[in-house]
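1. Structure of the sequence below:
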Amino acid sequence: MGIPADTIRELVAANADHSCESPGCVRIVAVADLPTRFGEFQVVAFHSPTDQKEHAALVRGNPLGQEGVPVRLHSECLTGDTFGSYRCDCRDQLELSLRAIGQMEKGVVIYLRQEGRGIGFANKIRAYQLQELGYDTIQANEILGFRADERDYAVAAHILQSLDVRSIQLMSNNPHKVADLQFHGVKILGRVSLEVPANPYNRRYLETKRIKAGHLLESPGAESLSEQVDSAANGVTEPHSS
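-> Prediction:
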């Protein structure tokens with residue numbers, strides 16, 4: 001059972017002229033069923049009047065007005081999500097979260113259009129070039145004049161507000177994502193790990209995220225993807241205190 005048709009019509013109508021002072025302002029423009037290889041979802045299309053980008057939420061069940069909703073915030077990664085790059089863990093994390101939420105009664109996967117940790121596709125490829133010269137992923141971003149991570153989660157917070165999600169279980173290894181969402185008013189009840197096995201191409205990348213960016217990662221390859229899906233689907237979480 002997803003979001004009822006009457007509720008969808010009300011959401012779209014209520015968002016038709018939505019505009020607010022939030023830096024992450026978005027409005028719901030359309031909702032449709034989306035059967036996938038990971039399960040039955042509804043896809044919600046959002047438009048941001050601030051940056052003119054379009055974002056998506058894949059919704060499992062009906063999370064409106066609910067507490068403790070499992071949520072994955074996933075930032076766009078063309079090379080990983082679409083092309084299957086081994087240089088990162090993005091596609092693995094996306095598929096892991098979709099498989100897990102696809103087994104749940106309710107949940108949301110938010111897909112944010114902020115490629116390359118917010119620096120854009122072309123700069124991401126420039127950063128790859130620098131990594132091939134020996135710099136790590138953070139050093140490469142800084143050489144290009146960016147912070148280690150330029151992403152902002154104001155849009156994600158507004159998406160959750162638009163869907164009337166009262167509180168969440170966040171599927172993430174990134175403590176900065178937790179802090180940024182809380183800054184924007186999202187109530188986080190716990191964290192679900194999304195660690196995936198390393199490969200020869202992304203081992204240094206994952207170690208850099210763990211050591212320099214503070215991501216909550218254990219030793220690479222400690223648990224298989226199938227075990228991670230089972231844990232996430234069963235709601236194995238760590239309580240998070242503000």
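2. Looks like Phe38 contacts Leu96 (just checking).
-> No: the pair Phe38 / Leu96 is not scored as a contact, 9.7 Å apart, by CB atoms under 8 Å. All C-beta atoms are positioned from the backbone trio N, CA, C, and that covers glycine.
3. between these two, which one's more packed in?
-> Leu96 (24 against 20; other CB atoms under 10 Å).
4. my read is that one is in a strand, agree?
-> No: Leu96 sits outside any strand when classified using DSSP: H, G, I helix; E, B strand; the rest coil, being helix.
5. Could you report the separation of it from Val109?
-> 11 Å (CB to CB, to the nearest Å).
6. what's the answer for Ala16, then?
-> Taken as CB to CB, the span from Ala16 to Val109 is 25 Å.
7. Okay, domains of the chain per the record?
-> Using automatic domain parsing, the domain ranges for the chain come out as 5-114+151-230, 122-147.
8. list the buried ones in the shortest one?
-> Same thing as domain 122-147. Burial within domain 122-147, assessed by neighbour count using 16 or more other CB atoms under 10 Å, is assigned to 123-124, 126-127, 130-131, 136-141, 146.
9. from what I can see Gly118 touches Asp152, true?
-> Yes: taking CB under 8 Å as the definition, Gly118 is a contact partner of Asp152 at 7.0 Å.
10. Where do the helices of this structure begin and end?
-> 5-15, 90-102, 115-118, 121-132, 137-143, 154-162, 175-183, 203-211, 225-233 (DSSP state H).
11. Any regions of the protein where pLDDT drops low?
-> Residues of the chain meeting the criterion pLDDT under 70: 219-242.
12. Most distant residue from the centre of this protein?
-> Most distant residue from the mean C-alpha position of the chain: Leu133, 29.4 Å away (CA atoms, centre = their mean).
13. Please identify the nearest residue in space to Asp164, excluding sequence neighbours.
-> Nearest residue to Asp164, sequence neighbours excluded (CB to CB, 6 or more residues apart in numbering): Leu64, at 4.6 Å.
14. which residues does that neighbour contact?
-> 3, 7, 163-165 (CB atoms under 8 Å, 6 or more residues apart in numbering).
15. Looking at the residues you listed, which one is closest to Phe183?
-> Nearest to Phe183 out of these is Val165 (CB to CB; 16.9 Å).
16. and the closest one, how many neighbours?
-> Look at Val165: counted by other CB under 10 Å, it has 23 neighbours.
17. Pretty sure it sits against Gly68.
-> No: the pair Val165 / Gly68 is not scored as a contact, 9.5 Å apart, by CB under 8 Å.
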